[in-house]
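A.B. asks: How does the following fold in three dimensions:
(one chain, ligands or ions: 1)
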Amino acid sequence: MRDALLSPESLEAELRAIGAERYHNLHPFHRALHDGRLNRGQVQAWALNRYYYQASIPAKDATLLARLPTAALRREWRRRLEDHDGDAPGTGGVARWLHLTDGLGLDRAYVESLEGLLPGTRFAVEAYVHFVRDRTVLAAIASSLTELFSPTIISERVSGMLRNYDFITQDTLAYFTPRLTQAPRDSDFALAYVKEHARTVEQQRAVLGALKFKCGVLWSMLDALDYAYVTPGNIPPGAFRPS
Ligand SMILES: O=C(O)c1cc(C(=O)O)c2c(n1)C(=O)C(=O)c1cc(C(=O)O)[nH]c1-2
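C.D. replies: Predicted structure coming up:
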């Protein structure tokens, strides 16, 4: 266990090292997704399960927003709610994710019902929402820092999927385009906050632990998909079955 206080720059370096080692771009299911080694049903399973993550992000941001102590922080954080929920029906990230599941041929009511989710997806996403609700504001903000690493994976994913799957179009993947500017804006803010506010060894440990936890959330969602949809016979009862 660490016992020396890190400079803000060293803390950032440790956070980036956690991402380099643990971010979900390294997961075998993600590699297979990007490299074109999945079939349409497996890509549908990915999109359907990931819908629950997308749909839960505004709920997790709302629990954090309620605990933020200043108007300046709340103004910053509420942009995330606007990004995901939009400002009218049919706008925002969650609606754009449904455009992606539509484009893959999934029934929208079925996706939104969450009935086909893997249990592992449900547990991982709920663990993230509860983490943000129950931990300190500092740890909760730090847990969003996986977004430091998402622009790289999104670029890889979009180019890989367009190249490798004839059932995917640019329009289907339109969800990801705004994320390429939203994620750096959000993660720059969260990183600056964490560097300024993690001033004790204990706080720094909590921040590093929060990022490891979040990498584990994303990793375990892919573990669940990999287990259920790669080896025949492993789909849990009640979960989505590709036709
Ligand atoms: O495509 C991805 O791999 C990816 C990763 C992450 C992430 O690292 O948590 C997010 C997103 N996308 C995303 O679209 C998104 O809206 C988002 C919000 C958050 C968060 O923790 O608040 N992460 C992510």
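A.B. asks: Without its sequence neighbours, what residue ends up closest to whichever residue of the chain sits closest to the ligand?
C.D. replies: Nearest residue of the chain to the ligand: T146, at 3.2 Å (C-beta to the nearest ligand atom). To be clear about C-beta, it is placed using only N, CA and C from the backbone, and glycine gets the same treatment. Using C-beta to C-beta, 6 or more residues apart in numbering and skipping the chain neighbours, the partner closest in space to T146 is K214 (5.0 Å).
A.B. asks: With S56 instead?
C.D. replies: Nearest residue to S56 in three dimensions, chain neighbours excluded: V125, at 5.0 Å (C-beta to C-beta, 6+ apart).
A.B. asks: can you pull the pLDDT of the one you found?
C.D. replies: V125 carries a pLDDT value of 98.
A.B. asks: Can you list the neighbours in contact with the helix or strand harbouring it?
C.D. replies: According to DSSP states H and E, V125 maps onto helix 119-134. Helix 119-134 is contacted from outside by 49, 52-53, 56, 59-61, 63-64, 114, 139-140, 143, 210, 213-214, 217-218, 220-221, 223-225, 227-228, 236, 239, using C-beta atoms under 8 Å, 6 or more residues apart in numbering.
A.B. asks: Could you list the buried residues of whichever helix or strand comes after it?
C.D. replies: Downstream of helix 119-134, the next assigned helix or strand under DSSP H and E is helix 137-142. By 16 or more other C-beta atoms under 10 Å, the buried positions in helix 137-142 come out as L138, A139, A140, I141, A142.
A.B. asks: List just the nearest of those to L180.
C.D. replies: Lowest distance from L180 to the buried residues of helix 137-142 (C-beta to C-beta) belongs to I141, with 21.4 Å.
A.B. asks: Around the ligand, pick out the residues from this structure.
C.D. replies: Within the chain, the positions lying close to the ligand (C-beta under 6 Å from any ligand atom) are I57, G93, S144, T146, E147, S150, I153, I154, R179, L218.
A.B. asks: what distance separates stretch 150-170 from the centre of its chain?
C.D. replies: For stretch 150-170, the distance from its own C-alpha centre to the chain's C-alpha centre is 16 Å (C-alpha atoms, centre = their mean, to the nearest Å).
A.B. asks: Below-threshold pLDDT in this protein: ranges please.
C.D. replies: Residues of the chain that meet the criterion pLDDT under 70 lie in 1-2.
A.B. asks: So which residues of it form helices?
C.D. replies: Assigned by DSSP state H, the chain shows helices spanning 8-22, 28-35, 40-67, 71-85, 93-103, 108-113, 119-134, 137-142, 150-164, 176-197, 201-230.
A.B. asks: Could you say which of those helices is packed most deeply?
C.D. replies: Highest mean neighbour count of these: helix 137-142, a mean of 22 (counted as mean count of other C-beta atoms under 10 Å).
A.B. asks: still on that earlier bit, quick one: residues contacting the residue of the chain closest to the ligand.
C.D. replies: T146 makes contacts with G19, Y23, L211, K214, C215, L218, as judged by C-beta under 8 Å, 6+ apart.
A.B. asks: measure the closest residue to L148 other than its chain neighbours to E147 for me?
C.D. replies: Spatial nearest neighbour of L148, excluding adjacent residues (C-beta to C-beta, 6+ apart): S187 at 4.5 Å. S187 sits at a distance of 4 Å from E147 (criterion: C-beta to C-beta, to the nearest Å).
A.B. asks: How about G93?
C.D. replies: With C-beta to C-beta as the criterion, G93 and E147 are 13 Å apart.
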